[in-house]
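Asks: Here is a sequence with its predicted model. Questions after.
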Amino acid sequence: MELKVFRIAQQQVVYYFDAVFAELDQLADKSTAIIITDKNVLHAHKSKFEDWRTIVIEPGEQQKNFDTIKYIIDMLAGYEADRNCLLIGVGGGVVTDITGFVASIYMRGIRFGFVPTSLLNMVDASLGGKNGIDFGLYKNLVGSITQPEFILQDVSLLTTLPETEWENGFAEIIKHACIKDKAMLEDLSRRKIKDFQANKALLGELIRRNVFLKLKVVQKDPFEARDRKLLNFGHTIGHAIENSCAIPHGKAVAIGMVLAAKISVRETGFDELEKLKTVLSNYNLPVSIKFQASAVFELLKLDKKRAGEQINFILLQKMGKALIKPIDLTELQQYLHSFEKEL
């Protein structure tokens with residue numbers, strides 16, 4: 001187990017690389033810790049949860065709501081959890097989003113840590129302190145930015161991951177490469193998912209590379225006032241498509257990246273759209289979907305990057321270099337309608 005300390009704002013986050021789940025008891029006292037997980041993770045790794053107090057929720061994005069938060073708080077009260085309690089989210093991004101949010105509001109804030117069990121969560125969702133829930137179709141509308149005390153990475157947990165979840169994780173990896181690391185994109189273009197599945201060292205190094213890339217951005221801008229917005233490449237339209245079309249997050253982000261790249265062609269002169277589509281396709285990610293422009297636009301209106309009648313949109317200048325450009329809502333609406341007609 002390798003320890004790396006990251007300082008974000010006034011908080012310290014300890015990241016444990018190359019760890020195993022059994023080492024969790026070195027980080028947490030079982031008498032005061034409570035694990036939050038979902039039924040799928042519990043079923044896949046049931047023996048690992050023995051002797052841990054555990055709150056189990058249903059799986060899926062639809063669980064990111066106030067009913068789930070109420071259920072967990074009821075359970076915490078039943079356990080007589082006090083301010084010395086440590087919450088540990090073990091699961092994918094939904095579980096850690098919910099765990100962090102509950103921890104940030106229960107008794108006005110208690111400690112929490114994460115053990116991500118999906119690739120997407122290891123390279124993106126668990127990192128940076130964003131926690132929250134959805135409100136109706138509006139994704140992550142309610143939440144907080146509070147850092148976990150620790151993140152324990154055990155890549156062996158990925159062995160039970162369905163293939164589609166590997167694909168979702170690579171959407172976020174490709175996103176990072178597009179905005180900050182052209183060399184990583186070139187490397188990804190020469191490989192496929194099976195190469196990383198077959199080589200634990202290669203996979204571990206890819207995860208590490210993405211952790212350092214994202215947390216370097218977050219350390220400079222923890223509350224998303226400036227460059228952290230770049231990490232939303234593909235997410236502005238992607239989130240709206242995810243909810244309006246009911247598709248997985250990674251698949252929606254992939255489509256969102258393609259559409260953002262199409263806008264980049266017109267706004268910045270970006271000329272590597274086909275390369276992006278090829279890399280996404282190599283990882284079994286979609287590059288288009290039929291959608292209703294009016295429905296997507298309605299969801300975009302409450303995007304967190306909106307400022308008055310504009311949205312601070314993330315565009316690509318070239319591979320490995322992104323920028324933030326305000327785009328009028330009316331212009332964005334026109335883009336969406338033109339993309340709808342292309343399908």
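Replies: That came through fine.
Asks: For the helix or strand hosting residue 254, could you pull out the residues that count as buried?
Replies: Here residue 254, judged by DSSP states H and E, is contained in helix 249-267. The neighbour-count check on helix 249-267 (16 or more other C-beta atoms under 10 Å) flags 249-264, 267 as buried. C-beta coordinates here come from the backbone N, C-alpha and C atoms, glycine included.
Asks: who does it touch, helix- and strand-wise?
Replies: The contact analysis (3 or more C-beta pairs under 8 Å, 6 or more residues apart in numbering; DSSP states H and E) places helix 249-267 against helix 163-180, helix 235-245, helix 273-282, strand 310-318, strand 321-328, helix 329-342.
Asks: my read: residue 165 touches residue 122, true?
Replies: No - using C-beta atoms under 8 Å as the test, residue 165 is too far from residue 122 to be in contact (11.1 Å).
Asks: quick one: which of those two has more around it?
Replies: Of the pair residue 165 and residue 122, residue 122 is the one with more neighbours under other C-beta atoms under 10 Å, namely 31 against 19.
Asks: What are the phi and psi values at that one?
Replies: When read as degrees, to the nearest 10, the backbone of residue 122 gives phi -70, psi -40.
Asks: Verify the stated contact: it with residue 153.
Replies: Yes - with contact defined as C-beta under 8 Å, residue 122 counts as touching residue 153 (5.9 Å).
Asks: Mind listing the shared neighbours of those two?
Replies: Taking C-beta atoms under 8 Å, 6 or more residues apart in numbering as the contact rule, residue 122 and residue 153 both touch 116, 207.
Asks: pLDDT of the longest helix anywhere in the chain, averaged?
Replies: In the chain, taking DSSP state H as the definition, the longest helix is helix 200-220. Averaging pLDDT along helix 200-220 gives 97.
Asks: cool, and stretch 142-149?
Replies: The average pLDDT within stretch 142-149 is 96.
Asks: May I have it exported as PDB, CA atoms only?
Replies: Below are the C-alpha coordinates for stretch 142-149, written out as PDB (Å, rounded to 0.1, in the frame of the first residue of the first chain):
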ATOM      1  CA  VAL A 142     -28.200  19.700  -4.500                       C
ATOM      2  CA  GLY A 143     -24.800  19.100  -2.900                       C
ATOM      3  CA  SER A 144     -21.600  20.200  -1.300                       C
ATOM      4  CA  ILE A 145     -17.900  20.400  -1.900                       C
ATOM      5  CA  THR A 146     -16.200  18.600   1.000                       C
ATOM      6  CA  GLN A 147     -13.100  16.400   0.800                       C
ATOM      7  CA  PRO A 148     -13.000  12.800   2.000                       C
ATOM      8  CA  GLU A 149     -10.400  12.000   4.700                       C
END
